[in-house]
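Enquirer: Have a look; sequence and predicted model below, questions after that.
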Amino acid sequence: MPSRILTDQQIDTAIDLRLKARSVPQIAARLGVKPNTIDYHLRRLGVFPPGWRHKGPKQAPAYQRGTVAVRPFTPEEDAMIERLDLEGLGISAIGRQLGRKPNSVRARLVALANRQACEED
């Protein structure tokens with residue numbers, strides 16, 4: 001089974017191909033890895049195909065995923081996360097103020113940064 005870890009050269013190649021509008025399955029086939037591996041790395045780095053636009057925030061209601069309650073972030077929480085991050089507060093401290101786990105805050109900061117990068121293009 002192929003590894004989820006890519007070399008820096010493979011990541012650079014994946015980025016170049018994605019910016020040339022190649023699909024994730026095409027990139028994966030060229031590099032000999034699974035499409036989910038490519039998708040993971042490109043999303044983590046905020047690399048989207050040319051012309052991709054974020055469709056805007058959606059406010060979904062809370063729901064259950066198995067035994068875990070999922071509570072989507074509100075626009076107010078997003079603003080608070082960004083403000084506290086700019087003030088230099090750590091991920092754990094932001095999480096405590098919002099009543100959220102640090103990994104949720106970290107993932108949300110990445111999502112917000114990706115959204116902002118797409119809006120700037």
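Expert: That came in fine, so what should we check first?

Enquirer: buried set for stretch 34-43?
Expert: 34, 37, 38, 41, 42 (16 or more other CB atoms under 10 Å). (Glycine included, C-beta is placed from N, CA and C.)

Enquirer: go on, stretch 67-78?
Expert: Buried, per 16+ other CB under 10 Å, within stretch 67-78: 73, 77, 78.

Enquirer: for the buried residues of stretch 34-43, which one is nearest residue 26?
Expert: Comparing these against residue 26 with CB to CB places residue 38 closest, at 9.3 Å.

Enquirer: what sits against the closest one?
Expert: 14, 24, 27, 28, 31 (CB atoms under 8 Å, 6 or more residues apart in numbering).

Enquirer: What helix or strand is the residue sitting nearest the centre point of the chain located in?
Expert: The residue lying closest to the centre of the chain (CA atoms, centre = their mean) is residue 111, at 4.5 Å. Assigned by DSSP states H and E, residue 111 belongs to helix 102-120.

Enquirer: who touches that helix?
Expert: 43-44, 46, 48, 52-54, 57, 73, 78, 81-82, 85, 91-92, 94-95, 98.

Enquirer: Let me see the ranges of the strands in the protein.
Expert: Ranges of strands within the chain are 63-65, 68-70, based on DSSP state E.

Enquirer: With distance to residue 20 and mean pLDDT as extra columns, can I get the ones you listed in a markdown table?
Expert: Putting the strands of the chain into a markdown table (distance: least, CB to CB, whole Å; pLDDT from 0 to 100) gives the following:
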| stretch | distance to residue 20 | mean pLDDT |
| --- | --- | --- |
| strand 63-65 | 36 | 82 |
| strand 68-70 | 36 | 80 |
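
Enquirer: and those as TSV, adding distance to residue 119?
Expert: Output for the strands of the chain, formatted as TSV (distance: least, CB to CB, whole Å):
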stretch	distance to residue 119
strand 63-65	27
strand 68-70	25
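
Enquirer: quick revisit: so for the helix holding residue 111, what gets flagged as buried?
Expert: Quick answer for helix 102-120 (16+ other CB under 10 Å): 104, 105, 108, 109, 112, 114, 115.
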